[in-house]
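Visitor: How does the following fold in three dimensions:
(chains A and B)
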2 protein chains.
Amino acid sequence: MGTVIVDVMPKQEILDPQGQAVAGALARLGLGRFTDVRQGKRFTLTVEEEVTEEVLAAAREAAETLLSNPVIEDVVSVRAQQDVDSVRAAEDAR
Amino acid sequence: MGTVIVDVMPKQEILDPQGQAVAGALARLGLGRFTDVRQGKRFTLTVEEEVTEEVLAAAREAAETLLSNPVIEDVVSVRAQQDVDSVRAAEDAR
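Guide: Predicted structure coming up:
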């Protein structure tokens, strides 16, 4: 069984009122060092099989057609969970 | 200037109606291989300075207090953008 992670963010040139509201709230909480906040979406897609190149291609199709609105959002990444995990473990070991 | 990425996902034991709606729509689009979908949030926080351990600690505080609802959500990761990028480049080079 495998998991694919899809990250979607509002395009850079698009106003992000959710993110701006968060930035304002952070400033009021004394965390004003964060000058800009943008809020996007993160999806985990579970498949019964292993995550192959074919599964990633299907996930990319899902990301472009259903998980994001291409007018206002970018698909930032489509990755297998085990890659994310192994890479993070390596990073933490440094 | 640095960027911190915060990932927040609904807890495993919490029903995720948004994710279920996406899973249903994927099945109707012929992408029924994805048996389970969960939808969470991804934030990018921009700081003027470099991303130090202190900045990450502030981002963790923001993630726990404002960016997530600890009753129903988990903060999955709080990472500097440059770490994510360098690690992905290394992974792609494999």
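
Visitor: quick one: the helices in chain A?
Guide: A:17-28, A:53-62, A:81-93 (DSSP state H).

Visitor: Compare those helices and report which one is nearest to B:E54.
Guide: B:E54 lies closest to helix A:17-28 among the helices of chain A, at 15.5 Å (C-beta to C-beta). The way it works is simple: take the backbone N, C-alpha and C, and place the C-beta from them, glycine included.

Visitor: For the closest one, name the packing helices and strands.
Guide: The contact analysis (3 or more C-beta pairs under 8 Å, 6 or more residues apart in numbering or on different chains; DSSP states H and E) places helix A:17-28 against strand A:34-47, strand B:34-47.

Visitor: ok, back up a step: quickly, which of the helices of chain A bottoms out on average pLDDT?
Guide: Of all the helices of chain A, helix A:81-93 carries the lowest average pLDDT, namely a mean of 74.

Visitor: distance between that helix and the chain's centre?
Guide: Computed by C-alpha atoms, centre = their mean, to the nearest Å, the chain-centroid distance of helix A:81-93 equals 16 Å.

Visitor: What is that helix packed up against?
Guide: strand A:2-10, helix B:81-93.

Visitor: just the angle between it and strand B:2-10, please?
Guide: 130 degrees (axes from the mean of the first three to the mean of the last three C-alpha atoms, to 10 degrees).

Visitor: which residues sit against helix A:81-93?
Guide: Applying C-beta atoms under 8 Å, 6 or more residues apart in numbering or on different chains, the contact partners of helix A:81-93 are A:G2, A:T3, A:V4, A:I5, A:T44, A:V51, B:S77, B:D83, B:V87, B:R88, B:A90, B:E91.

Visitor: would you turn the helices and strands packed on helix A:17-28 into CSV with mean neighbour count, distance to B:P70 and mean pLDDT?
Guide: Below are the helices and strands packed on helix A:17-28 laid out as CSV (neighbours: other C-beta atoms under 10 Å in any protein chain shown; distance: least, C-beta to C-beta, whole Å; pLDDT from 0 to 100):
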stretch, mean neighbour count, distance to B:P70, mean pLDDT
strand A:34-47, 21, 17, 96
strand B:34-47, 21, 14, 96
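
Visitor: Looking at those strands, which is nearest to B:M9?
Guide: Nearest to B:M9, of all the helices and strands packed on helix A:17-28, is strand B:34-47, at 3.5 Å by C-beta to C-beta.

Visitor: thinking again about what came up before, now, of the helices and strands packed on helix A:81-93, which is deepest in the fold?
Guide: strand A:2-10 (a mean of 21; mean count of other C-beta atoms under 10 Å in any protein chain shown).

Visitor: does it come close to chain B?
Guide: Yes: under the criterion of C-beta under 8 Å from any C-beta of the partner chain, strand A:2-10 makes contact with chain B via A:V4, A:D7, A:V8, A:M9.
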